[in-house]
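Colleague: model the structure of this input:
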Amino acid sequence: DHRDLHSFPTRRSSDLTEVSLLSPNGGSEGTWPEIYLIGAQKSATTSLFILLSNHGLICGIHGKSGAAEKEAHFFDAEEPTERATHRYKEGYPKGKCKGKYIDATPGYLRDLEAPQRMQKAMPEQLIKHEAKLVAILREPISRDLSFFNMYKYMWVQAGRPANWDGDMGNMQQLDVCSKHGYDGKFPSYDVSIGCQMRQWNECTKQAGCHGTCNHEENMQGHRHCALKNGKADSKQYSRLTDGMYLAQLAQYEEIFPRHHMFIMSFEGLINKQKEYLQKTMLFLGLGEHHAINVLPKENSADRKSVV
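Modeller: Numbering: from 1, shown residues only. Model (predicted):
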């Protein structure tokens, strides 16, 4: 349940006091990003990143090539040991960004373990007072269909191989139910989503639900079958959990102050770009920029119908 543009009600009385955004703390080699664009996938996160980056307002992580990149994939892929955290911060060198550093990894929202990894790695000052989180929520079925179409488009561009392991996983992961054999062909959306539904029903059975599930049983079902550690190869994983925003956001609200989380709808962002972008800028402490009023058109592959 989400409105057009809003911040959800604060749940804890300790969150009622506004705290101004401070400069992030960090070692001499690197620092922590101030902004985390946590999701959702296929919800204009790339377009938002490019827009703000092109105006010099944000900087992504410094990749191996030396260029700034959008996604760090730290909290959804790596155990935040001291050494790993040091390497992560090195990607955000102190004094090298005229704007603010951002980790724009939309996979963080759907990964069950990402919020706890943030809590483990980040200093308390960053969690409680400095970090700003942004989430763009897209209607779950249209988001999933967009993901499916993009993945199929990439498969066609790769020459329609019988076995293919793309950046977002392999073809078997689109159809993970053991009851439905994989025949080396790209599954139809009906087959793929039907399989995910059967998998989700198994998740809720593990939570003790054998019919209409209550709120707690659905939340437990999500914990059973959500993506974990950036890996979609678990036999328990159901792609439907990627769009279960209530369960995902609840985990972040347990760790970060609610007034440091900005949540908006993808549909509202697309239809009211100037209004949404200006409010996003104000929330992030980036000031007012009259040129920030239209999103660039990126990731058009997911809109194509591929046969």
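Colleague: ok, now which ones touch the spatially closest residue to residue 63 that is not a sequence neighbour?
Modeller: Spatial nearest neighbour of residue 63, excluding adjacent residues (C-beta to C-beta, 6 or more residues apart in numbering): residue 69 at 4.2 Å. (C-beta placed from N, C-alpha, C; glycine too.) Neighbouring residues of residue 69 by C-beta atoms under 8 Å, 6 or more residues apart in numbering: 60, 61, 62, 63.
Colleague: one more pass at 10 Å, please.
Modeller: Residue 69 makes contact with 49, 59, 60, 61, 62, 63, 91, 103, 104 under the criterion C-beta atoms under 10 Å, 6 or more residues apart in numbering.
Colleague: doesn't the first one fall inside a helix?
Modeller: Yes - under the criterion used here (DSSP: H, G, I helix; E, B strand; the rest coil), residue 49 sits inside a helix.
Colleague: can you redo the contacts of residue 69 as JSON lines with neighbour count and distance to residue 216?
Modeller: Shown next, in JSON lines, are those (neighbours: other C-beta atoms under 10 Å; distance: C-beta to C-beta, whole Å):
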{"residue": "49", "neighbour count": "23", "distance to residue 216": "36"}
{"residue": "59", "neighbour count": "21", "distance to residue 216": "42"}
{"residue": "60", "neighbour count": "24", "distance to residue 216": "38"}
{"residue": "61", "neighbour count": "24", "distance to residue 216": "38"}
{"residue": "62", "neighbour count": "19", "distance to residue 216": "43"}
{"residue": "63", "neighbour count": "13", "distance to residue 216": "42"}
{"residue": "91", "neighbour count": "20", "distance to residue 216": "39"}
{"residue": "103", "neighbour count": "26", "distance to residue 216": "32"}
{"residue": "104", "neighbour count": "26", "distance to residue 216": "33"}
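Colleague: could you export the residues you listed as CSV, including distance to residue 150 and pLDDT?
Modeller: As requested, those are exported to CSV (distance: C-beta to C-beta, whole Å; pLDDT from 0 to 100):
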residue, distance to residue 150, pLDDT
49, 17, 97
59, 26, 97
60, 21, 97
61, 23, 97
62, 27, 93
63, 22, 83
91, 26, 96
103, 22, 98
104, 17, 98
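Colleague: what is the nearest of these to residue 246?
Modeller: The closest of the contacts of residue 69 to residue 246 turns out to be residue 104 (C-beta to C-beta; 22.5 Å).
Colleague: how close does that closest one get to residue 128?
Modeller: Distance, residue 104 to residue 128, using C-beta to C-beta, to the nearest Å: 22 Å.
Colleague: how about residue 261?
Modeller: Going from residue 261 to residue 128 by C-beta to C-beta gives 13 Å.
Colleague: bridged to the residue nearest to residue 63, which residues?
Modeller: residue 61 (DSSP bridges).
Colleague: helices or strands up against the helix or strand harbouring residue 151?
Modeller: Following DSSP states H and E, one finds residue 151 within helix 140-157. Counting contacts by 3 or more C-beta pairs under 10 Å, 6 or more residues apart in numbering; DSSP states H and E, helix 140-157 packs against strand 165-166, helix 189-206, helix 266-271.
Colleague: among these, show the one with the smallest mean pLDDT.
Modeller: Lowest mean pLDDT within those: strand 165-166, at a mean of 70.
Colleague: could I get the phi/psi values of the residue nearest to residue 41 when sequence neighbours are not counted?
Modeller: Spatially, and ignoring its direct neighbours in sequence, residue 41 is nearest to residue 106 (4.5 Å; C-beta to C-beta, 6+ apart). Phi and psi for residue 106, reported as degrees, to the nearest 10, are phi -70, psi -10.
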